[in-house]
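Peer 1: Build me a model:
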Amino acid sequence: MIKVLTVGRLQEHTYFFIDEKTKHGFLVDPGDEAERILSEIMSHRWVIEKIILTHGHFDHIGAVEQIRNAIGCPVVIHEEGKAYLQNAEWNLSSIYGIGYTFDADEYVQHGDVIVLETNPDMNLRVIHAPGHTSDGAAYFCEKEKTAFVGDIIFNGAVGRCDNPGGNMNRLLSSIRAQIFTLPDETVLFPGHGPSTTVKHEKATNPFFNLYE
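Peer 2: The predicted structure follows:
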């Protein structure tokens, strides 16, 4: 089961990826409104095994510390995310006078697989796709044909690349190599805006003239 809460000033999507049988699952990109996210977890009696971050921008990490402290689960991000989590200028929270800085519990690499302890069939493969940020990663569930893509790609757009670690050429190359090679039917759940599919973006995304 996938449930989304849209939170914060930038209307960021926080996702719950839950095994309905065991009520265990993952929390992806808790960006803001920690109390609201915690209320959702408690009301459904979900057990969050890990908080998973697609990248280290403030609108995707703002509720992490409060939630981690409340439920005691580890935080996971790509290994290049350390530069963002430890630097308020890189994660952009300094712009708003907030100054988020903290460490993850686990730093993962491209190709690693994050497995739900209570149901090993429910797992997410780490796909490093930098360009929006240097740490940008998607998390792909082959069984469900779904991917949480953060700000790598959107419905009809791609992530902006004018902040620290960003590079448009690198992003477009990453999407071609890492996202467009997923099965066509894969549903892409982005950090903002509506979901889409690999097939739809390959055919219509205006940032790509043609993909074969």
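
Peer 1: hmm, who's touching stretch 181-191?
Peer 2: For stretch 181-191, contacts defined as C-beta atoms under 8 Å, 6 or more residues apart in numbering pick out 2, 4, 12-13, 15, 29, 31, 54, 59-60, 140, 145-155, 179, 195-199, 201-202. Heads up, the C-betas are built off the backbone N, CA and C, glycines and all.

Peer 1: So which of these belong to helices?
Peer 2: Among the contacts of stretch 181-191, DSSP state H puts 59-60, 198-199, 201-202 in helices.

Peer 1: Buried ones among the contacts of stretch 181-191?
Peer 2: 2, 12-13, 15, 29, 31, 54, 59-60, 140, 146-155, 179, 195-198, 201-202 (16 or more other C-beta atoms under 10 Å).

Peer 1: Touching, residue 40 and residue 7? I think so.
Peer 2: No: counting by C-beta atoms under 8 Å, residue 7 is not a contact partner of residue 40; they are 10.6 Å apart.

Peer 1: Neighbour count for those two, which is higher?
Peer 2: Neighbours per residue (other C-beta atoms under 10 Å) separate residue 40 from residue 7, with residue 7 holding more: 22 against 16.

Peer 1: which residues touch the more buried one?
Peer 2: Going by C-beta under 8 Å, 6+ apart, residue 7 touches 13-14, 30-33, 36-37, 63.

Peer 1: and the residue lying closest to residue 207 once chain neighbours are set aside, how many neighbours does it have?
Peer 2: Closest residue to residue 207 apart from its sequence neighbours, by C-beta to C-beta, 6 or more residues apart in numbering: residue 158 at 5.0 Å. Residue 158 sits with 23 neighbouring residues when counted by other C-beta under 10 Å.
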